[in-house]
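Q: What shape does this take:
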Amino acid sequence: MLLELRQVSKQYGMNTKALSDIDFSVKEGEFVSIIGPSGAGKSTLLRCINRMIEASNGEIIFDGANVLGSNKKELKMIRRKIGMIFQHYNLVNRLSVIENVLHGRLGYKSTIAGVLGLYQEEEKEQAVKLLQILGLEDQIYKRADQLSGGQKQRVGIARALIQSPKMLLCDEPIASLDPNASKIIMDHLRSISTKMGITILINLHQVEVALKYSDRIIGVNQGRVVYNGSPDDLTEEQIHNIYGSEVGELILDLGGKHAG
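A: Modelled structure (predicted):
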């Protein structure tokens, strides 16, 4: 197992429990989608894994390391192996595409080297190679704010990949994109999982996308895991259980789930 969560909870103040006793594990190279309604705790869960948010209790083991028990230096080493992809890209608009990608190497730099933007030639070559793989070879020296949303998200993926991660945490990476751009992003992520052997843990709102791309689906409702299994075993009743009152807003394509 690459990742194990044991009884992970997150509480804000006295009364708000964002996560309750979360238990699941993820194998190396697996593509796992976390689905659930807005406010279910999906983003909180993802951010607890790399300690962007501090879990209140429980255990998180990543690649043999105790994430919650790690000191600052140990956590930096763990985070090198965990790439993060954000819904709103988190790019520096005034910088070029390649400069944004190279930011993914900051975890390997001293503070001074990072501030001065001192990157080795092989790091620059790797950035170019990743951008070519992601179909952005014509955008390398453009400013980030000149790109479309789908292109920005591909830059975000390249920035995560240049870390040489073992796992990518993807927080609603297609929520702001149109269907065509969404498909391109999901195809790239699936390819990264299959061809590079990188584990993908992705938050999705769209059930039909999760059904199409995932090896496994984890359903979350009100901070609890209510489903953990194969896409093939996800029934309409279980989808109702995951989404509750929001289920009427979803596009359910269960009839075609075995076809794709």
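
Q: Next SSE downstream of the helix or strand harbouring residue 45?
A: Using DSSP states H and E, residue 45 sits within helix 42-49. Per DSSP H and E, the first helix or strand lying C-terminal to helix 42-49 is strand 57-62.

Q: got the contact list for that next one?
A: In this structure, residues lying in contact with strand 57-62 by C-beta atoms under 8 Å, 6 or more residues apart in numbering are 1-9, 21-22, 48-49, 66-68, 78, 81-82, 167. Where you see a C-beta, it was placed from the backbone N, CA and C, and this is true even at glycine.

Q: switch to 7 Å and redo it
A: Outside strand 57-62, the residues within contact range by C-beta atoms under 7 Å, 6 or more residues apart in numbering are 2-9, 48-49, 67-68, 78, 82.

Q: Could I get the average pLDDT for that strand?
A: Averaged across strand 57-62, pLDDT comes to 96.

Q: okay, the angle between that strand and helix 42-49?
A: Put simply, strand 57-62 runs at 70 degrees to helix 42-49, going by axes from the mean of the first three to the mean of the last three C-alpha atoms, to 10 degrees.

Q: OK, contacts around the residue lying closest to residue 162 once chain neighbours are set aside?
A: Leaving aside its sequence neighbours, residue 162 sits nearest to residue 104 (C-beta to C-beta, 6 or more residues apart in numbering; 4.0 Å). Residues near residue 104 by C-beta under 7 Å, 6+ apart: 159-160, 162-163.

Q: Please repeat the previous calculation with a cut-off of 8 Å.
A: The contact partners of residue 104, by C-beta under 8 Å, 6+ apart, come to 83, 158-163.

Q: Of the residues you listed, which belong to strands?
A: Among the contacts of residue 104, DSSP state E puts residue 83 in strands.

Q: what's the closest of the contacts of residue 104 to residue 219?
A: Using C-beta to C-beta, residue 83 comes nearest to residue 219 of the contacts of residue 104, at 24.1 Å.

Q: The closest one touches residue 169, doesn't it?
A: Yes - judged on C-beta atoms under 8 Å, residue 83 makes contact with residue 169 at a distance of 7.1 Å.

Q: could you dump the contacts of residue 104 to CSV with distance to residue 26, neighbour count and pLDDT?
A: Listed next are these as CSV, based on distance: C-beta to C-beta, whole Å; neighbours: other C-beta atoms under 10 Å; pLDDT from 0 to 100:
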residue, distance to residue 26, neighbour count, pLDDT
83, 14, 26, 95
158, 23, 27, 96
159, 22, 26, 95
160, 17, 23, 96
161, 18, 24, 96
162, 22, 22, 95
163, 18, 20, 94
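
Q: Now render the contacts of residue 104 as JSON lines, adding distance to residue 221.
A: Output for the contacts of residue 104, formatted as JSON lines (distance: C-beta to C-beta, whole Å):
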{"residue": "83", "distance to residue 221": "27"}
{"residue": "158", "distance to residue 221": "34"}
{"residue": "159", "distance to residue 221": "32"}
{"residue": "160", "distance to residue 221": "28"}
{"residue": "161", "distance to residue 221": "32"}
{"residue": "162", "distance to residue 221": "35"}
{"residue": "163", "distance to residue 221": "32"}
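
Q: Keep only those of the contacts of residue 104 that are in helices.
A: Using DSSP state H, the subset of the contacts of residue 104 located in helices is 158-161.

Q: Any idea how many residues pack against residue 82?
A: Applying other C-beta atoms under 10 Å, we find 23 other residues in the vicinity of residue 82.

Q: Need the contact partners of stretch 9-29.
A: Contact partners of stretch 9-29, identified using C-beta under 8 Å, 6+ apart, comprise 1-8, 32, 41, 44-45, 48, 53-58, 166-167, 193, 197-199, 201, 218, 222-225, 228.

Q: on that earlier part again, and which of the ones in helices among the contacts of residue 104 is nearest residue 205?
A: residue 160 (20.5 Å).

Q: Does the closest one touch residue 84 like I think?
A: Yes - taking C-beta under 8 Å as the definition, residue 160 is a contact partner of residue 84 at 6.3 Å.
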